[in-house]
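In: Quick one, structure for this:
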Amino acid sequence: MKDDIGNPIFTDFKVDESLEWQMSRAEKYCLMGLMKELTPDVAIEIGTYKGGSLQVISSYSQQVYSIDISDSPSKFLSPKFANVEFVVGDSVHCLTNIFQKIEDDGKRLDFILVDGDHTRRGVYRDLEAIFNFPHKHSITILMHDSFNPECRKGIRTFLESHPQFVAYAELDYVTGSYWHNGTYREMWGGLALVKYDPKNQGQELYINQSQRQLFESTYLHSAHLVKDRMAFLFPLKRKIFRSLGLKNKGDIYHDF
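Out: Here you go, the predicted model:
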């Protein structure tokens, strides 16, 4: 039997098993509990994939904007979610317009899930786009894969350089995992939580890392010590795969 950190889960929430949901059991329970508590007026999801987390966000929110670089989610998932507007494009270029539309409609943005570009730069840019807009209300921001070294660096680097408006920050709100569902010595998963508050100005920022020792110990035994330093070769790898007519593992994402 194949090990699976995401299933089974036992909940009164009716999970659609046809929607692939790439989160651990702990992350799923966290998202369900958080959404039930927040019941957002408006929520945003960055990184739709196959709709696993979207089903929870949609169920507890009045309105949802789901952003993805692929048009596959909008094609296959729109019939399932009447209260979701699917936006195709780079989240960094889409967020400002969405924020402004929410303001113009007189609605309140309560929640954002950041689960799109899993690179240090990608996570940083998403947070930058969120914080650059003059929001009027507090926002709960949840970031997936905070246990991944590159994602974690992106989150931490941004917060350290932009402490304004951060009322609370925890990189290990939910701890991630090692050798994640068969990936060789890789660190994935985990949820970081940030409370954005426009009234919070000038206070000293403390970034909670409740599982910092676990993260650092795991990192020393992980493949990321080498793999992340070789990331500059990934574009070349994709070109080689395309020239050979092969699908790179990451490119499979675009085809449902």
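
In: In contact with the residue nearest to the spatial centre of the chain, which residues?
Out: By CA atoms, centre = their mean, the chain has its centre lying nearest to Asp115, at 2.0 Å. Applying CB atoms under 8 Å, 6 or more residues apart in numbering to Asp115 gives the contacts Glu45, Ile46, Gly47, Tyr49, Ser53, Met143, His144, Asp145. For glycine as for every other residue, the C-beta is placed from the backbone atoms N, C-alpha and C.

In: Mind telling me what element Phe215 is part of?
Out: helix 212-219 (DSSP states H and E).

In: So what touches that helix?
Out: Phe147, Pro149, Arg152, Leu171, Asp172, Thr175, Gly176, Tyr178, Met187, Gln209, Leu225.

In: What residues of that helix count as buried?
Out: The neighbour-count check on helix 212-219 (16 or more other CB atoms under 10 Å) flags Phe215, Thr218, Tyr219 as buried.

In: Include pLDDT and distance to Ser161 when you put these into CSV, please.
Out: Converted to CSV, those look like this (pLDDT from 0 to 100; distance: CB to CB, whole Å):
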residue, pLDDT, distance to Ser161
Phe215, 97, 20
Thr218, 97, 26
Tyr219, 95, 22
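
In: so which of the residues you listed comes closest to Arg156?
Out: The closest of the buried residues of helix 212-219 to Arg156 turns out to be Phe215 (CB to CB; 10.9 Å).

In: which intervals of the stretch 151-256 of the chain have sub-threshold pLDDT?
Out: Residue ranges of the stretch 151-256 of the chain with pLDDT under 70: 231-238, 241, 246-256.

In: Now do the strands for it: every range, in order, please.
Out: 166-174, 177-178, 187-188, 191-196 (DSSP state E, counting those that start in this stretch).

In: right, so of those strands, which gets closest to Val123?
Out: Here strand 191-196 is closest among the strands of the stretch 151-256 of the chain (CB to CB), at 9.4 Å.
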